[in-house]
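A.B. asks: The sequence and its predicted three-dimensional model are supplied below.
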Amino acid sequence: MASTSTTANTGKLLKPTPFTPKRPLSSMSSRTASDTSRSSTPVNSLTSAKKYKSTLSAEARSRTTTKIKPPALPSVPGTPTKKTSSDVGRPRTPKSPRHGPDSPFEDNRSEMDVSRVDPEEVLVDAETVEPGDVSMEEVESMLGATSYGKEDKVLVSIRIRPSEAPTAWQTSLPHTKSIKLVPQHHKNSGVPIPEFHFDEILTGSENKPVYNAVARSHVCAAMDGYNAVVFAYGQTASGKTFTLSGDEDQPGIIPRAMKDVFAYIRRTPTREYLLRCSYLEIYNETIHDLLAPPSSTAAQPVQIQGTGANVWLSPLREEVVTSLKSVHEVLERGWGNRRTATTDWNERSSRSHSVFRVVIESRERGDSGSTSGRQTPGLGARPPTPGGPRLQSIGGRSVQTSVLSLIDLAGSEKATSDKERTREGKYINTSLLTLGTVISTLAENSSRNKTDHVPFRNSKLTRMLQPSLSGDARISVIATINPDVSAIAETTSTLLFAQRIKKVQLNAKKKEVVDTDALLERYRQEIDELKKRLAEKEAEAPVKSRRLSAREQLDESKAMKDLNSRIRQLTSLILTSQTIDDTKGDESRPSSPAKIDFDMSPYQLQQELLSARREMDTQATQILSLEAALLSRPELPPDAPESEKDKLIAEQAKTIRELEIVVRGYEENLGAPLRAVREDVEKEWIVKVEHEARLRAEKEAWATELVRELEKEKKMRVQLEEERRALAAFVSKFDSLTAGLGGTATVAAPSARLLMPTPGGAAAAFADRQRQRVAAASRLGVVEEVESPMVVRLKAEPSLLEEKWDGMDEESFEIERVGVATPAKGLSKRSDSPVREVLGGKENLPV
Ligand SMILES: Nc1ncnc2c1ncn2[C@@H]1O[C@H](COP(=O)(O)OP(=O)(O)OP(=O)(O)O)[C@@H](O)[C@H]1O
């Protein structure tokens, strides 16, 4: 088998360029005024990892972490690339007016904040793409990137981080694109070494081939109207941020994707585009807007809204971008606000999942050239759209909308030495675990045609990705791995995740908002055509009917009827939209009666008449039922003035409308989400409840058994007590008899007689006999145990009494008889039943 190489198929993963594990720290000069206030740790002091570490506080949004230095975006025209000691080689972003004293940034909105711009004024098209943003070569190279990979499958690629340490993995590049453990590291010798196959296996430090292989086609898909998601998954320090964001020398997927967006626009002169960017991070299960000023995000974390696959985020700031320069500004701000910190493994570890989103809206350019479409009325004339103004479909041109999401997940974590990092790690691992579970369930559902519940709601990340993961997006996953021997477990887990996600089925579709004017125009054209066909048929009908059989005549008449009903249907659609326009602002006015077209043929008029009659019949029935309903309603006093009735009706109608709104609002905002939450909770708790019920049943059975044992014990005690009393009476009687026969028994109190053996009486004789037997037994060596003067257990011949007492508590009986408080030794010896144990402490209680 071929083996791994970064460049060729040589035996090992070789590093083409020296591996630099740490990215250079960001420079102070790249900070804006607002950034400085955000960070409590001066960058200059961040030279050692120790100083670099500090607690992250989500509340204060004080970025103790360093600003991530943005990767070098392609140079922007007019932007000097002068190198300074602190900002080497990075194009400087011109000072944005947002940061001035009167900056709109201060009131939470930038000039390009989508809520305050007129979308028609910020459209980008082939002519407005700044010439320096993309070269023609780049535009040409876009042409080759129009295949979107396997459309119904996730594109899964592995990126192996270069390493100087010995590698534990070998690949079979370039043919089969598979990876497996080097045999010497395979522990389970009985099992063949598992081999993982992927769409791409990438090595080395070059970000361009990685972008071309894993993201370019998805960027094209997004520009073409499909939702697209690219995300990096992998253990901490394996190169996710390097792949997504890159650095100055090696810009990553995000800056390259944005460059391609403009290249695509440049090579598509027939369309015009509106681009809106947002940047957010999920830190400790709270979503923060990376583009909003820190004060506003702390006060108002972003919420995920909507139900099912219809998900949106609010409040989330969206910035319109019209050039790479504005993209750079947005990215720089976002990168600066990301939370990173030093961990045991990565000097600048991303402590959150970050999502950079571009909403791409586009429509055909108008006939009158590049300016067409810009001359639309101002914002006030357009109806408001949720979340701010959007590109409108005008002049018959529908609007296509898609979202490109580029996601840098936080790294899966091992335990770390820092307490705060450990807390973050828990959140990170939990959400990655949920992502894993969601992917597994989706893959299982796809491969086995099942519809198992997918726990999207278990983490913010999966809830946010729900629409995409549910199949409504082209997805590309880059699993980054560390090939070192020390990371075999984590790498295996990443490879297993990547393998699972390959099985998820996708079904992304283009999203298009159709222009209503265009639709009406289409309807009118269709109606004209249908009318023409109908007229032809009617003209031919008298001649044809002589030649046609009865059956064919029927068919012909049915065809004409169908044509007619389609015409009616389309006409009613047009009428409906006209009616809506006509009655705007006056909801109480009834819609105008059907309009009569005097061009209609007699046949059509007949049909119209027929359907009008049918409608009248239906309406008559409706009137009857309404009258019945009216009769059953509570009446106003007969002398109530007419205006009172009107008022009451108006009030009732208003109440009904309000109630309808409340019900709708409840259903949309609470009903469905609550039901879903309840389902999730029920699912989770049903197992626990069943387990508890099982435990309870077991305990009840045990308690019943206990009661039964107790009853048995009670009965036995009563029986033994009776026997004891009879024996005592017998002994006492025997003693008195012996005394009567001339014995020397003293007269004792009845109780003493009962309890104490009378000297010289039967009890004494019995005790004597016992002593003799014990002496004899000890001579023979057969005494097992002597616990009291009254109890002797012989191995050879058990006494009669002992046999009788065997089932009872000998010691308690003995204590009672002799009046000596001996510990209940025998009890512990015989406590082989739970009942005995329970009753152990209560052995001397009266029964
Ligand atoms: N392919 C690569 N070539 C060269 N350097 C790399 C490569 N991959 C990662 N690195 C370097 O390794 C270090 C860690 O990478 P990075 O920060 O991208 O990891 P990560 O997976 O994002 O980690 P975390 O999850 O902790 O944020 C960085 O200094 C980065 O520059």
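C.D. replies: In hand now; what should we look at?
A.B. asks: Which of the three states applies to Ala479?
C.D. replies: Under DSSP: H, G, I helix; E, B strand; the rest coil, Ala479 falls in the strand class.
A.B. asks: Please name the residues that touch it.
C.D. replies: Ala479 sits next to Val156, Ser157, Ile158, Arg159, Phe198, Ala232, Tyr233, Gly234, Thr494, Leu495, Phe497, Ala498 when contact means Cβ atoms under 8 Å, 6 or more residues apart in numbering. All C-beta atoms are positioned from the backbone trio N, CA, C, and that covers glycine.
A.B. asks: In strands, which of the residues you listed appear?
C.D. replies: The strands, defined by DSSP state E, take in Val156, Ser157, Ile158, Arg159, Ala232, Tyr233, Gly234 from the contacts of Ala479.
A.B. asks: okay, those residues in JSON lines with neighbour count and distance to Gln652 next?
C.D. replies: Putting the ones in strands among the contacts of Ala479 into JSON lines (neighbours: other Cβ atoms under 10 Å; distance: Cβ to Cβ, whole Å) gives the following:
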{"residue": "Val156", "neighbour count": "27", "distance to Gln652": "60"}
{"residue": "Ser157", "neighbour count": "22", "distance to Gln652": "63"}
{"residue": "Ile158", "neighbour count": "27", "distance to Gln652": "67"}
{"residue": "Arg159", "neighbour count": "24", "distance to Gln652": "66"}
{"residue": "Ala232", "neighbour count": "27", "distance to Gln652": "59"}
{"residue": "Tyr233", "neighbour count": "26", "distance to Gln652": "58"}
{"residue": "Gly234", "neighbour count": "28", "distance to Gln652": "63"}
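A.B. asks: Which one of these is nearest to the ligand?
C.D. replies: Nearest to the ligand among the ones in strands among the contacts of Ala479: Gly234, at 5.6 Å, using Cβ to the nearest ligand atom.
A.B. asks: Hmm, the closest one is touching Thr494, no?
C.D. replies: Yes. With contact defined as Cβ atoms under 8 Å, Gly234 reaches Thr494; the gap is 5.2 Å.
A.B. asks: Tell me which residue in the stretch 701-847 of the chain sits closest to the ligand.
C.D. replies: With Cβ to the nearest ligand atom as the measure, Trp702 is the residue of the stretch 701-847 of the chain nearest to the ligand, at 51.6 Å.
A.B. asks: confidence score at that residue?
C.D. replies: Looking at Trp702, its pLDDT stands at 94.
A.B. asks: ok, now the one 10 residues further on?
C.D. replies: pLDDT, Lys712: 94.
A.B. asks: Which strand or helix spans it?
C.D. replies: Assigned by DSSP states H and E, Lys712 belongs to helix 672-740.
A.B. asks: Tell me the helices and strands packed up against that helix.
C.D. replies: strand 303-307, helix 750-755, helix 762-780, helix 800-805, helix 834-839 (3 or more Cβ pairs under 8 Å, 6 or more residues apart in numbering; DSSP states H and E).
A.B. asks: Lowest-confidence entry in the contacts of Ala479?
C.D. replies: The lowest pLDDT within the contacts of Ala479 belongs to Phe497, with 87.
A.B. asks: Extract the residue ranges of the stretch 1-150 of the chain that are flagged as low pLDDT.
C.D. replies: Residues of the stretch 1-150 of the chain that meet the criterion pLDDT under 70 lie in 1-122, 126-127, 129-150.
A.B. asks: Might you name the residue of the stretch 401-550 of the chain sitting closest to the ligand?
C.D. replies: Counting by Cβ to the nearest ligand atom, the stretch 401-550 of the chain gets nearest the ligand through Gly411, at 2.4 Å.
A.B. asks: That residue - nearest residue in space that isn't next to it in sequence?
C.D. replies: Thr236 (3.0 Å; Cβ to Cβ, 6 or more residues apart in numbering).
A.B. asks: residues near the one you found, how many?
C.D. replies: Counted with other Cβ atoms under 10 Å, residues neighbouring Thr236 total 23.
A.B. asks: Tell me, what's the model's pLDDT at it?
C.D. replies: pLDDT for Thr236: 85.
A.B. asks: Need phi/psi at it.
C.D. replies: The phi/psi pair for Thr236 (degrees, to the nearest 10) reads phi -60, psi 140.
A.B. asks: Report the separation between it and Ile428.
C.D. replies: 9 Å (Cβ to Cβ, to the nearest Å).
A.B. asks: helix, strand or coil for Tyr279?
C.D. replies: Under three-state DSSP, Tyr279 falls in the strand class.
A.B. asks: Am I right that it is in contact with Leu331?
C.D. replies: Yes. Using Cβ under 8 Å, Tyr279 makes contact with Leu331 at a distance of 7.5 Å.
A.B. asks: Give me the common contacts of those two.
C.D. replies: Shared contacts of Tyr279 and Leu331, defined by Cβ under 8 Å, 6+ apart, are found at Phe356.
A.B. asks: which bits of the stretch 451-600 of the chain sit near the ligand?
C.D. replies: By the rule Cβ under 6 Å from any ligand atom, the part of the stretch 451-600 of the chain lying against the ligand is Thr480.
A.B. asks: got the residue ranges for the helices in the stretch 451-600 of the chain?
C.D. replies: Applying DSSP state H, counting those that start in this stretch to the stretch 451-600 of the chain gives helices spanning 460-467, 488-501, 516-547, 550-583.
A.B. asks: re earlier: nearest to Gly190 among the contacts of Ala479?
C.D. replies: Of all those, Gly190 sits closest to Leu495, with 20.6 Å by Cβ to Cβ.
A.B. asks: Apart from its chain neighbours, what residue comes closest to that closest one?
C.D. replies: Nearest residue to Leu495, sequence neighbours excluded (Cβ to Cβ, 6+ apart): Phe196, at 4.7 Å.
A.B. asks: Would you confirm that the one you found contacts Gln499?
C.D. replies: Yes. The pair Phe196 / Gln499 is scored as a contact, 5.7 Å apart, by Cβ under 8 Å.
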